[in-house]
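J.: I would like to see how this sequence folds:
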Amino acid sequence: MTDLAKIPVTVITGFLGAGKTTLIRHLMMNPQGKRLAIIVNEFGTLGVDGDILKSCADANCPVENIVELANGCICCTVADDFIPTIEALMALPVRPDHILIETSGLALPKPLLKAFDWPAIRSKITVDGVITLADAEAVAAGRFAPDLAAVGAQRLADPSIDHETPLSEVFEDQISCADIVLLSKADLAGEAGLAAARAVIEAESPRRLPIIAMSEGVIDPRLILGIGAAAEDDIAARPSHHDGDADHEHDDFDTVVIELGEVADPDALQAAIVRLAREQHILRVKGYVAVVDKPMRMLVQAVGERVRVQYDRPWGSDARQTRLVVIAEHHHVDEAAIRAVLERDTEKWELVSRASHATAESSEA
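T.: All right, here's what the predicted structure looks like:
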């Protein structure tokens with residue numbers, strides 16, 4: 001790459017838990033001979049996704065090429081965060097060949113595309129493409145793209161029904177801005193679910209888009225990198241609910257960070273997270289758990305009632321502490337109730353743990 005060549009940037013967007021980080025990990029392991037850099041924008045103060053990606057760093061994507069932006073939605077903090085970050089990446093001793101941007105689940109990609117026209121960077125980078133991930137199973141269930149006619153009929157029948165949710169607007173804007181849509185978790189959706197999800201996305205898209213099924217983030221990188229879309233040059237073809245707005249608000253969503261001690265029963269913690277999703281409409285829970293007598297930390301990634309855990313690495317010198325980020329729509333967030341569920345159950349686990357240790361000591365005596 002010559003100094004005059006524009007660095008291609010791929011924007012990876014999608015709803016909470018759609019699998020963006022899993023996809024980027026796959027791209028890091030299959031860089032096609034490219035030196036990568038990654039910008040991760042998280043919603044919340046605990047940088048789980050960035051930490052996951054840094055643990056996968058290698059010669060093709062060293063740790064210094066992975067940058068976390070946690071000061072707010074990237075499309076709202078362009079001047080403060082995005083522009084300086086891009087400039088810093090291009091000032092590295094060895095410039096990256098390709099930059100991946102993982103937006104938060106709440107980001108609207110169109111305002112971010114407009115930032116590529118800023119004088120400081122417009123001659124140096126180009127948007128190779130916008131890749132939108134959509135959870136095939138969720139889309140097939142109609143959670144983020146409701147039938148407007150049906151909603152209107154329900155509103156007439158029941159005045160208590162609210163109008164279209166903020167979640168659906170985020171989803172539709174991400175689809176409208178895409179060059180390619182990846183239907184993630186295809187294995188969970190099945191053939192019928194994939195067909196239903198495709199139909200929803202085709203109905204929402206303002207133009208014909210490639211829609212590709214994917215499981216566990218595995219896809220041929222040649223399908224989504226190097227497509228040369230120059231998306232910053234055809235912004236008008238990517239309509240948004242917020243066209244004409246000076247900015248957009250994220251007050252519809254809140255995060256709560258829960259800090260706990262060590263957990264004796266991780267299965268009970270997972271059950272508590274499922275209960276939060278079911279009873280308090282929690283959208284997402286992610287973070288790390290310190291499990292009693294386990295040297296490895298437990299990574300938790302929950303989307304609704306679907307909870308996935310894995311032991312990712314030893315705690316090492318890090319403080320053994322459980323920290324969970326809980327994300328929900330503003331009108332569903334009851335911080336006290338969330339803490340009550342998790343902290344009450346944690347107290348039970350600690351009591352059980354102390355009791356079991358006491359029993360063991362008594363038996364030894």
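J.: mind giving me the domain split of this protein?
T.: With domains defined by automatic domain parsing, the chain comprises 7-237, 253-364.
J.: out of these, deepest packed?
T.: Stretch with highest mean neighbour count among these: domain 7-237 (a mean of 19; mean count of other CB atoms under 10 Å). (Each C-beta comes from the backbone N, C-alpha and C, glycine too.)
J.: any idea how far apart the tips of that domain sit?
T.: 23 Å (CA to CA, to the nearest Å).
J.: quick revisit: possible to save the domains of the chain as JSON lines with mean pLDDT?
T.: Formatted as JSON lines, those follow (pLDDT from 0 to 100):
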{"stretch": "domain 7-237", "mean pLDDT": "79"}
{"stretch": "domain 253-364", "mean pLDDT": "78"}
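J.: tell me the strands beside the lengthiest strand in the chain, with direction?
T.: Scanning the chain for the strand with the most residues, using DSSP state E, yields strand 125-135. Looking at strand 125-135 with DSSP bridges, its partner strands are strand 7-14 (parallel), strand 180-184 (parallel).
J.: run the chain-centre distance for that strand.
T.: From the chain centre to the centre of strand 125-135 is a distance of 14 Å (CA atoms, centre = their mean, to the nearest Å).
J.: A helix includes residue 139, no?
T.: Yes. With DSSP: H, G, I helix; E, B strand; the rest coil as the criterion, residue 139 is part of a helix.
J.: so how far is residue 182 from it?
T.: 12 Å (CB to CB, to the nearest Å).
J.: now do residue 301
T.: From residue 301 to residue 182 the distance is 18 Å (CB to CB).
J.: ok, now residue 173?
T.: 17 Å.
J.: with residue 83 instead?
T.: As judged by CB to CB, residue 83 and residue 182 stand 28 Å apart.
J.: now residue 290
T.: In terms of CB to CB, residue 290 sits 34 Å off from residue 182.
J.: residue 127 now?
T.: For residue 127 relative to residue 182 (CB to CB), the value is 17 Å.
J.: ditto for residue 20
T.: As judged by CB to CB, residue 20 and residue 182 stand 10 Å apart.
J.: hey, what's in contact with both of these two?
T.: By CB atoms under 8 Å, 6 or more residues apart in numbering, residue 20 and residue 182 have these common neighbours: 14, 133.
J.: need the helices for the stretch 151-300 of the chain, in chain order.
T.: Under the criterion DSSP state H, counting those that start in this stretch, the stretch 151-300 of the chain contains helices at 166-176, 186-204, 266-280.
J.: turn these into a markdown table, including distance to residue 115.
T.: As requested, the helices of the stretch 151-300 of the chain are exported to a markdown table (distance: least, CB to CB, whole Å):
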| stretch | distance to residue 115 |
| --- | --- |
| helix 166-176 | 16 |
| helix 186-204 | 24 |
| helix 266-280 | 34 |
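J.: for residue 100, find the nearest of those.
T.: Nearest to residue 100 among the helices of the stretch 151-300 of the chain is helix 166-176 (16.3 Å), distances taken as CB to CB.
J.: helices or strands up against the closest one?
T.: helix 109-115, strand 125-135, helix 186-204 (3 or more CB pairs under 8 Å, 6 or more residues apart in numbering; DSSP states H and E).
J.: same thing but at 10 Å, please
T.: Contact here means 3 or more CB pairs under 10 Å, 6 or more residues apart in numbering; DSSP states H and E; on that basis helix 166-176 packs against strand 7-14, helix 109-115, strand 125-135, helix 136-140, helix 186-204, strand 253-260.
J.: doesn't residue 131 make contact with residue 227?
T.: Yes. Judged on CB atoms under 10 Å, residue 227 makes contact with residue 131 at a distance of 9.1 Å.
J.: nearest to residue 12, of the helices of the stretch 151-300 of the chain?
T.: helix 166-176 (10.5 Å).
J.: how far does the closest one sit from the chain's center?
T.: Using CA atoms, centre = their mean, the offset of helix 166-176 from its chain centre is 14 Å.
J.: against residue 171, how distant is residue 115?
T.: Distance from residue 115 to residue 171, by CB to CB: 22 Å.
J.: actually, residue 5.
T.: From residue 5 over to residue 171 the distance is 35 Å, taken as CB to CB.
J.: again with residue 110
T.: For residue 110, the distance to residue 171 - CB to CB - is 14 Å.
J.: likewise residue 319?
T.: Residue 319 is 37 Å from residue 171, by CB to CB.
J.: one step back: could the helices and strands packed on helix 166-176 go into TSV alongside distance to residue 67?
T.: Shown next, in TSV, are these (distance: least, CB to CB, whole Å):
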stretch	distance to residue 67
strand 7-14	13
helix 109-115	15
strand 125-135	14
helix 136-140	29
helix 186-204	30
strand 253-260	21
